[in-house]
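*Asks:* The following block contains a protein sequence and its predicted model.
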Amino acid sequence: MALGFRFDAIRRALGIRNYRIYTSGNIVAHFGVWAYRIGLLSLTWELTESAFWLGAMAMADLFPTVVLSPLAGALTERINRMAMMRFTVIFTGLQSSVLALLCVNGTASIAIVFPLALVLGIVLAINHPMRLVIVTNLVGRDAVPSALAINSLVFNVARVAGPSIAGGIIAATGDGTNVLGTAIVFGFCAVGHLIFAIALFMVLQGSGVSSVSFAGMYVADSFTAFAKAMVLIAATFTLRHARQGGGSYVIGGGVLTGFVLYFFSDIVFALGLSDSIPATLAAWTPAGVATLLGLATLLHLEDG
C-alpha cells in the first residue's frame, strides 16, 4: 500500500506538463555536463600532461560553486529564475560548442581553455541554486517532495553515467585521437543543453509553490557550510589513503559517502519545502550532519 502511494506521488509529479518537460531536458543536460567535466580534464592532459593543470582545471570548474553559491542563492529572490536558467543553459551549450570547435580545428590551448572553464564554472555556480528552487514553481505543494526526489535521482544517475559516456567516447576514438573524442564529448554536452534550452522555452510560467524564502535560506546560509563539511570529509579520506593504503577502497568509500550525503540533503530540502519540518532545521541539518561525520572520522583516524 505504502509503495503504491509513493509511485502515485511520482506519477502525479510527472503528470504535470511543465515539470515533465523540464525533467526531460534536465536529464540530457545533466548527462552532458558530467560528460563535459571528463572531456575537460582529458583535453587538459592532452594539452599539458601536467598534474598541476589538471588540479587547476578542476578548481576552475567546481570551486566557484563553493564561493558564489551564497550570492546566487540571494539572487534567486530578486530575479526571474526561469530567465536566468535559460541564460545559464544556453551559455553552457555555447561554451561547449566553442571548445568542440577548438578541438576540431586543432587550435585549443591551455591559455584559452582555462579561462573558458573558469567562466563556465561561475555560470554553473549561479545555475546550481536556480535548479534547486525552480522546481517549486513548476509543481503544486503536494508534489514538491516527489519532484525533488526525481531531480536527485537524475543528478546522481548522471553523475555516474555521464563520465562513463565520456570515457567510452574518448576511448572509442583510439589512442592517438583523444582530442577528437573530447570534441565529440563537448558536442554531446552542447546538444544536451540545446535540448534543455528548448524544453525551458516550452515551459509555461505557472503558479507553483512560493518557497523562495526557504530556498534562499538553504542556499545562502547553509550551502557554504555544507560544502566546507564535504571538504573536511574528503580530507579524512585522503589521510586514510596516505596512512593505511588501499586506495581503491578509499576512493570507493569517498564516492559512496558523497552520494549518500547529497541524497540525504535533497530529502531534507524536500521536507523543508513541503513544511514537513521547520525551515531552519531543514536548512542546517545536512551541513550539521556532514560536519559531525567529518569530525568523527578525523578524530577516529587521529586516535587510531
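*Replies:* Received, thanks.
*Asks:* Backbone dihedrals for Leu138, please?
*Replies:* Main-chain torsions, Leu138, degrees, to the nearest 10: phi -110, psi -20.
*Asks:* need the helices for the stretch 101-250 of the chain, in chain order.
*Replies:* Secondary structure of the stretch 101-250 of the chain (DSSP state H, counting those that start in this stretch): helices at 110-134, 144-172, 178-202, 212-216, 223-244, 247-273.
*Asks:* any idea which of those scores lowest on pLDDT?
*Replies:* For the helices of the stretch 101-250 of the chain, mean pLDDT drops lowest on helix 212-216, to a mean of 49.
*Asks:* check contacts around Leu293.
*Replies:* 229, 233, 257, 261 (CB atoms under 8 Å, 6 or more residues apart in numbering). Where you see a C-beta, it was placed from the backbone N, CA and C, and this is true even at glycine.
*Asks:* That one and His300: what is the separation?
*Replies:* Distance of Leu293 to His300, computed by CB to CB, to the nearest Å: 11 Å.
*Asks:* before we move on, back to that, pipe the contacts of Leu293 into CSV and attach neighbour count and distance to Met84 per row.
*Replies:* Output for the contacts of Leu293, formatted as CSV (neighbours: other CB atoms under 10 Å; distance: CB to CB, whole Å):
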residue, neighbour count, distance to Met84
Ala229, 21, 27
Ile233, 21, 31
Thr257, 19, 32
Leu261, 19, 27
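*Asks:* and the two most separated of those?
*Replies:* Ala229 and Thr257 (11.2 Å; CB to CB).
*Asks:* Could you report the neighbour count for the nearest residue to Met202 once chain neighbours are set aside?
*Replies:* Distances taken as CB to CB, 6 or more residues apart in numbering place Ile21 nearest to Met202, at 5.2 Å, with adjacent residues excluded. By the criterion of other CB atoms under 10 Å, Ile21 has 18 neighbours.
*Asks:* Ala83 too?
*Replies:* If you count neighbours by other CB under 10 Å, Ala83 ends up with 11.
*Asks:* host element of it?
*Replies:* helix 81-105 (DSSP states H and E).
*Asks:* got the angle between the lengthiest helix in the chain and helix 110-134?
*Replies:* Ranked by residue count and defined by DSSP state H, the top helix of the chain is helix 17-48. Inter-element angle recorded for helix 17-48 and helix 110-134: 160 degrees (by axes from the mean of the first three to the mean of the last three CA atoms, to 10 degrees).
*Asks:* what's the helix or strand just after helix 17-48 packed up against?
*Replies:* With elements assigned by DSSP H and E, the helix or strand that comes after helix 17-48 is helix 51-75. Other helices and strands packing on helix 51-75, by 3 or more CB pairs under 8 Å, 6 or more residues apart in numbering; DSSP states H and E, are helix 17-48, helix 110-134, helix 212-216, helix 223-244.
*Asks:* tell me the angle helix 51-75 makes with helix 110-134.
*Replies:* Using the same axes, to 10 degrees: helix 51-75 against helix 110-134 is 30 degrees.
*Asks:* Give me the buried positions along helix 51-75.
*Replies:* For helix 51-75, a neighbour-count test (16 or more other CB atoms under 10 Å) marks 53-54, 56-58, 60-61, 63-66, 68-70, 72-73, 75 as buried.
*Asks:* now swap in stretch 32-50 and tell me
*Replies:* Within stretch 32-50, the residues that count as buried by 16+ other CB under 10 Å are 32-45, 47-48.
*Asks:* Looking at the residues you listed, which is nearest Ala100?
*Replies:* Gly39 (9.0 Å).
*Asks:* list the contacts for the closest one?
*Replies:* For Gly39, the contact set (CB under 8 Å, 6+ apart) comprises 99, 166, 170, 182, 185-186, 189.
*Asks:* what's the burial count for His30?
*Replies:* Residues lying near His30 (other CB under 10 Å) number 22.
*Asks:* Excluding residues flanking it in the chain, which one is nearest it?
*Replies:* Counting by CB to CB, 6+ apart, Ala158 is the residue found nearest to His30 once chain neighbours are left out, at 3.6 Å.
*Asks:* my read: the one you found touches Trp34, true?
*Replies:* Yes - between Ala158 and Trp34 a contact is recorded at 5.2 Å, counting by CB atoms under 8 Å.
*Asks:* Can you name the residues that contact the residue nearest to His30?
*Replies:* Residues in contact with Ala158 (CB under 8 Å, 6+ apart) are 27, 30-31, 33-34.
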